[in-house]
Every structure is written in structure tokens, then in C-alpha cells.
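Peer 1: Build me a model from this:
(one chain, ligands or ions: 1)
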Amino acid sequence: MYNELKGKTAIVTGASSGLGKAIALRFGEEKMNVIVNYLNKKEEAQQVAGDIEKAGGKAIAVQGDVSVEEDIDRLIQSAHEHFGSLHVMMNNAGIQNEVPSHEMTLEEWNKVISVNLTGTFLGSTKAIAYMLEHRIQGSVINMSSVHEIVPWPHFVHYAASKGGMNMLSQTLALEYAGQGIRVNNIAPGAINTPINKEKFDNEEQRDEVLSMIPMKKIGEPEQVASVAAFLASDQASYVTGTTLFVDGGMKLYPSFAAGKG
Ligand code: NAI
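Peer 2: Take a look at the predicted model:
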């Protein structure tokens, strides 16, 4: 636990499930005020908000599509109106779908880019504008992926969106370091969340994924949430413009593990 997080305010996008939910709950355990953003799973988001309150934090569930500018404005406005501040912006919402690149439509490309990359641009820059206006030395945390650096056939839109987030976060980190605003990415590998349910429910596919992880374990959402809490905290006060990989070694070229090559 990080004592200084108590009473601070965070927005977590896509917080009704998976990693966003785990991070929102962890922020609740830190006794933070949390805007629990959801796209369409209202009841789940309200449940997350209720669990945060039980843990000693404060929370409200707020609907919003991260790719829509007015919706991001509304999230920030909600943080200001309900909790009077914004210290941590956790841009977590993201989507993916599998399509061979030569068959991908412009619509499919635009959809993933607008949620993953444009949504992160809107969330980051508007949170920074708020922090500058209110002289807050806050933390912006963007949920990237190992595919920020690892190519992924059939997911070119997703890999391009996460690769773009690498430069987005580094540029913002450089631009606002002087004002004490930190911007970092978290890059998970394979984590046990709804986005992977179909794949992990299939034994063959699960084993295939495990063979790509040097630690031979699928990650749990709480193992990502603890990294988000660290990046939000003063323990990371000198950390900016970096990506923390939470992937059991997935990006370490596992095919070299036996000393071959
Ligand atoms: P998930 O599918 O449970 O979470 C995604 C959340 O984003 C959902 O709650 C969904 O409703 C929300 N969302 C989708 N479009 C939205 C929009 N336009 N506006 C607001 N919310 C929206 O899956 P998971 O795994 O929790 O994904 C969270 C993030 O983690 C994503 O950015 C994903 O790319 C990233 N990630 C996940 C990995 C994993 O293995 N689970 C690995 C690497 C990255």
C-alpha cells in the first residue's frame, strides 16, 4: 500500500471488467477516489464502485466512450465535481479483433485505432490540461501491450495502436516533465481477462500461449494492478516516459531460452 495515494482521485477507463476493474479495485484498497468508467456494462461498473466503497475508497460509475471527446470531458468534469481534483489518469480501455491484414476493412482499422490510440490521446491530453490548470503534479498511465514492440499478424490495427502509444506517451512525458506530470505505459503480456477468455478456455490455444511465456504462467489482473498503483504513487516519482512490461518474460524472445540460435 502507498499511504500518499489515500484521498487522491483517479479516473480508470474501461473499469467494468478485466484489468481496468482490477486497477479500480486496487485504487479503492489504496482508499482513493475513483471514477469507474464503463462503456455499456453499467451494473458491473456499479458493482466495482460499490466494492471500492466497501474497501474504504470513494467511487462513482460514469458512462463514456473514450473515443468521443465530449465523453472524456465528462469523465474529467465528474472527477472535478465529485472529488474536486484529478491526480491519476488511467487510460485502460482497449479492444481487439482478429482479421488477416489484407482482409481488414478501413472501418475495422479505424475502430481499433480510435478506441486504443485516439482514446488514449484524448484521455492523456485532457487530463494533462486539467493538471496544468490546477497545478497538479499528476500521473498519466496508459495501458499498452507487449505488442507495443512485438509484431502481431492478424492484429495489425491493434499492434499499430499500441506501437503508437509508445511514442504518444514518451512525447507527452518529455513535453510535461518540467511541470512534474509523469506519463508512463504498462505493457502486459497474456493476462487472464475477458479479452482472452475464448483463447484461454481452449486448452490447445492456452498451451500455445504458455509456450511463449518464459515464466510458464498466465498473468493475473492483480499483477498488473500492483504496477499501476506503483506508477501512481510517489515511489515512482522519478519514473517518466517509460514502459513497464508485465509479461512473465514474453518479450524476451522465448525461442532462445534453451541457448539455441
Ligand atoms: P476487457 O475486454 O475486459 O477490457 C476492456 C474494457 O474496455 C472493457 O470493459 C470494455 O467495455 C472497455 N471498452 C471498450 N471500448 C471502450 C470505449 N470505446 N470506451 C470505454 N470503454 C471501452 O479486456 P482487458 O484485458 O481488461 O483489456 C484492458 C486493456 O489491457 C486493453 O487496452 C488491452 O489492450 C490491454 N491488454 C490486455 C492484455 C491481456 O492479456 N488481457 C494484454 C495486453 C494489453
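
Peer 1: what about the residue lying closest to Met212 once chain neighbours are set aside, how many residues close to it?
Peer 2: Setting aside the residues directly before and after it, Met212 is nearest to Pro254 in space (C-beta to C-beta, 6 or more residues apart in numbering), at 5.5 Å. Where C-beta positions appear, they are placed from N, C-alpha and C, glycine not excepted. Counted by other C-beta atoms under 10 Å, the residues lying close to Pro254 total 16.

Peer 1: and what of Glu204?
Peer 2: Look at Glu204: counted by other C-beta under 10 Å, it has 7 neighbours.

Peer 1: State the mean pLDDT of whichever strand or helix holds it.
Peer 2: For Glu204, the element it lies in under DSSP states H and E is helix 203-210. Averaged over helix 203-210, pLDDT sits at 96.

Peer 1: which other helices and strands contact it?
Peer 2: If you count contacts as 3 or more C-beta pairs under 8 Å, 6 or more residues apart in numbering; DSSP states H and E, helix 203-210 packs onto helix 197-201.

Peer 1: List the contacts of the helix it packs on.
Peer 2: Asn192, Gln205, Arg206, Val209, Ile218 (C-beta atoms under 8 Å, 6 or more residues apart in numbering).

Peer 1: Tell me the gap between the helix holding Glu204 and the middle of its chain.
Peer 2: How far helix 203-210 lies from its chain's middle: 24 Å, per C-alpha atoms, centre = their mean, to the nearest Å.

Peer 1: And for the closest residue to Val209 other than its chain neighbours, the neighbour number?
Peer 2: Computed as C-beta to C-beta, 6+ apart, the closest residue to Val209 that is not its neighbour in sequence is Ala190, at 5.1 Å. Neighbour count for Ala190, taken as other C-beta under 10 Å: 21.

Peer 1: what's the neighbour count on Phe83?
Peer 2: Residues lying near Phe83 (other C-beta under 10 Å) number 21.

Peer 1: how near is it to Met32?
Peer 2: Applying C-beta to C-beta, to the nearest Å, the value for Phe83 to Met32 is 9 Å.
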